[in-house]
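Asker: Compute the structure for the input listed below.
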Amino acid sequence: MTTTAAETDVSAARRWSMLGASTLAQAASAVAVHGPAFLIPALRDQEGLSLVQAGVVAAAPTVGVMLTLVPWGVVTDRRGERGVLLAGLALTVVAGLASVAAHGLVPMTAALLAAGAAAASANAASGRVVVGWFPPRRRGLAMGIRQMAQPVGVGIAAISIAVVADRHGIGTALLVPTVAAAVAFVVVALVVVDPPRPPARAGAAANPYRADSFLARVHGVSVLLVVPQFLVWTFSLVWLVEERGWTPAAAGTLVAVAQVVAAFGRIAAGQLSDLVGSRMRPLRWVAVAAAVTMGLLGLTAWLDLGVAVVLLVVATVLTVADNGLAFTAVAERAGPFWSGRALGVQNTAQFLTSALVPPFGGLLVTHAGYATAFAVAAVLPLAAVALVPVAEEAELA
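Answerer: So this is what the prediction gives:
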């Protein structure tokens, strides 16, 4: 994507305000999709579910996201970003209210799946707003800020949903993502404008997947890196409560703080990519660091050392640092006529994988322990190192 004349005509304040609104929309989506993971202690205590059963409930929004990311991307390519954001956020509110009012685990799980399906709209549309309004040499920083929405959203969910569920029940806790989506809807309606697109040229709308393997390799790297990310997100709170003896409030606070630090880590990764003129080299560095940290986390957790808690925070930061780099690279490579679909494929692959992490991770934890699960997850970012397409990356404009 290149800078257009219309892009330069927009004031810096308006451009940054749209970045803020897009970030808020993505944060609300993150609360809706990842928040149910922090219901796991309450589902076990109040509903008597096993860790595997509670993991299935927590994965329901992720499954919903997986089913609708590509369709939302197609609509975004054809109809624009603002309308997709507004429609998706409105439907998220409706589904959230249904989850609050649901009687029984099956209706609640179905409502959570629907909320995830609606919240998926923000993944492609909000990213395209940022890519469309910022020039290449500032896009890494801008997308890093936008990508901080996910860990911030998870942090908000961690510090609020677990505590509210513990004190007031699961239904009341589900009001948190519903209110977040409602606030984001209002802000997007007031601020966001569809970014300009260059005029269509011959070949501009050609399928970028047929040109080379760059996009496919980035998707593959992201799939490998998302496993340790979601393993840490899903089981950090319950590990601290069950293995380290922390209270849900204290554990939720640590997870929230770690997510805030991780959010700034995404900004730093994006800024670094602008400075070095590459998205792929920093992506490879992140993969190496994530592999080392997850391995050390598994070892120290097995030895029951206090430093394992510190490594959990470090792992939380590192395992999300890749997302903005990969997301920006996909949008830039796919171009304005395919980026919605390409980002949909990118996120579908990630969410398909992440949807399997809570139940299978719970199964691994149940039979082998948390330390083994953390150590096994270290193998995947190690495999991702060789897959990062550094040599195939185009120079930033």
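
Asker: Look up the closest residue to the residue most central in space within the chain, ignoring the ones flanking it.
Answerer: By CA atoms, centre = their mean, the chain has its centre lying nearest to Gln150, at 4.8 Å. In space, Gln150 comes closest to Ala30 once its chain neighbours are excluded; the distance is 4.6 Å by CB to CB, 6 or more residues apart in numbering. In short, each C-beta sits where N, CA and C put it, glycine included.

Asker: Tell me the pLDDT of that neighbour.
Answerer: The model reports Ala30 with a pLDDT of 90.

Asker: low-confidence ranges in this structure?
Answerer: 1-11, 198-205, 395-397 (pLDDT under 70).

Asker: who are the neighbours in contact with the residue nearest to the centre of the chain?
Answerer: Gln26, Ala27, Ala30, His34, Ala263, Val320, Asn323 (CB atoms under 8 Å, 6 or more residues apart in numbering).

Asker: Sticking with the residue nearest to Gln150, tell me its helix or strand.
Answerer: helix 12-34 (DSSP states H and E).

Asker: Which of the residues in the helix or strand that that helix is followed by are classified as buried?
Answerer: Reading on from helix 12-34 to the C-terminus, the next helix or strand found by DSSP H and E is helix 40-47. Neighbour-count burial for helix 40-47, counted by 16 or more other CB atoms under 10 Å, picks out Ile40, Pro41, Ala42, Leu43, Arg44.

Asker: on that earlier part again, relative to Gly132, which of the contacts of Gln150 is nearest.
Answerer: For these, the minimum distance to Gly132 (CB to CB) is 15.0 Å, reached by Gln26.

Asker: List the contacts of the closest residue to that closest one other than its chain neighbours.
Answerer: Spatially, and ignoring its direct neighbours in sequence, Gln26 is nearest to Ala149 (3.7 Å; CB to CB, 6+ apart). When contacts are counted by CB under 8 Å, 6+ apart, Ala149 is found next to Thr23, Leu24, Ala25, Gln26, Ala27, Ser29, Ala30, Ser126, Ala263.

Asker: of the residues you listed, closest to Val345?
Answerer: For the contacts of Ala149, the nearest to Val345 is Ser126 (16.8 Å; CB to CB).

Asker: on that earlier part again, got the buried residues of helix 40-47 as JSON lines, with distance to Ala157 columns?
Answerer: Output for the buried residues of helix 40-47, formatted as JSON lines (distance: CB to CB, whole Å):
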{"residue": "Ile40", "distance to Ala157": "12"}
{"residue": "Pro41", "distance to Ala157": "13"}
{"residue": "Ala42", "distance to Ala157": "13"}
{"residue": "Leu43", "distance to Ala157": "15"}
{"residue": "Arg44", "distance to Ala157": "17"}
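
Asker: Just name the closest of these to Leu305, please.
Answerer: Pro41 (23.7 Å).

Asker: How much space separates that closest one from Arg217?
Answerer: 38 Å (CB to CB, to the nearest Å).

Asker: start to end distance for stretch 362-380?
Answerer: The first residue of stretch 362-380 is 18 Å away from its last residue (CA to CA, to the nearest Å).

Asker: and that stretch, which residues are buried?
Answerer: Buried positions in stretch 362-380, judged by neighbour count with 16+ other CB under 10 Å: 362, 364-365, 369-371, 373-378, 380.

Asker: ok, residues contacting that stretch?
Answerer: 50-52, 54-55, 224-225, 227-228, 231-232, 235, 239, 243, 290-295, 297-299, 301-302, 315, 361.

Asker: With stretch 259-270 instead?
Answerer: Residues from elsewhere that reach stretch 259-270, judged by CB under 8 Å, 6+ apart: 140-145, 147-152, 154-155, 158, 282, 286, 313, 316-318, 320-325, 328.

Asker: same thing but 7 Å
Answerer: Stretch 259-270 is contacted by residues 140-141, 143-145, 147-148, 151-152, 154-155, 158, 282, 286, 313, 316-317, 320-321, 323-325 when judged by CB atoms under 7 Å, 6 or more residues apart in numbering.

Asker: next one: that stretch to chain centre, how far?
Answerer: In terms of CA atoms, centre = their mean, to the nearest Å, the centre of stretch 259-270 is set 13 Å apart from its chain centre.

Asker: Save the contacts of Ala149 as CSV, and put in distance to Thr178 and neighbour count too.
Answerer: Converted to CSV, these look like this (distance: CB to CB, whole Å; neighbours: other CB atoms under 10 Å):
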residue, distance to Thr178, neighbour count
Thr23, 19, 26
Leu24, 15, 25
Ala25, 15, 34
Gln26, 17, 27
Ala27, 14, 27
Ser29, 13, 32
Ala30, 14, 25
Ser126, 19, 33
Ala263, 22, 24
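
Asker: Turn these into JSON lines, columns for distance to Gly306.
Answerer: Formatted as JSON lines, those follow (distance: CB to CB, whole Å):
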{"residue": "Thr23", "distance to Gly306": "35"}
{"residue": "Leu24", "distance to Gly306": "37"}
{"residue": "Ala25", "distance to Gly306": "39"}
{"residue": "Gln26", "distance to Gly306": "34"}
{"residue": "Ala27", "distance to Gly306": "32"}
{"residue": "Ser29", "distance to Gly306": "35"}
{"residue": "Ala30", "distance to Gly306": "30"}
{"residue": "Ser126", "distance to Gly306": "39"}
{"residue": "Ala263", "distance to Gly306": "25"}
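
Asker: Pick the one among these closest to Leu89.
Answerer: Ranked by distance to Leu89 (CB to CB), these are led by Ala25 at 6.4 Å.

Asker: if I look at that closest one, how far off is Val129?
Answerer: For Ala25 relative to Val129 (CB to CB), the value is 9 Å.

Asker: same question, Gly340
Answerer: On the measure of CB to CB, Gly340 and Val129 end up 11 Å apart.

Asker: Between the two, point out the one with more neighbours.
Answerer: Val129 (32 against 29; other CB atoms under 10 Å).

Asker: That one sits in which helix or strand?
Answerer: Going by DSSP H and E, Val129 is part of helix 121-133.

Asker: ranges for the helices of the stretch 151-300 of the chain?
Answerer: Here the stretch 151-300 of the chain has its helices, by DSSP state H, counting those that start in this stretch, at 170-173, 175-191, 214-242, 248-276, 280-302.
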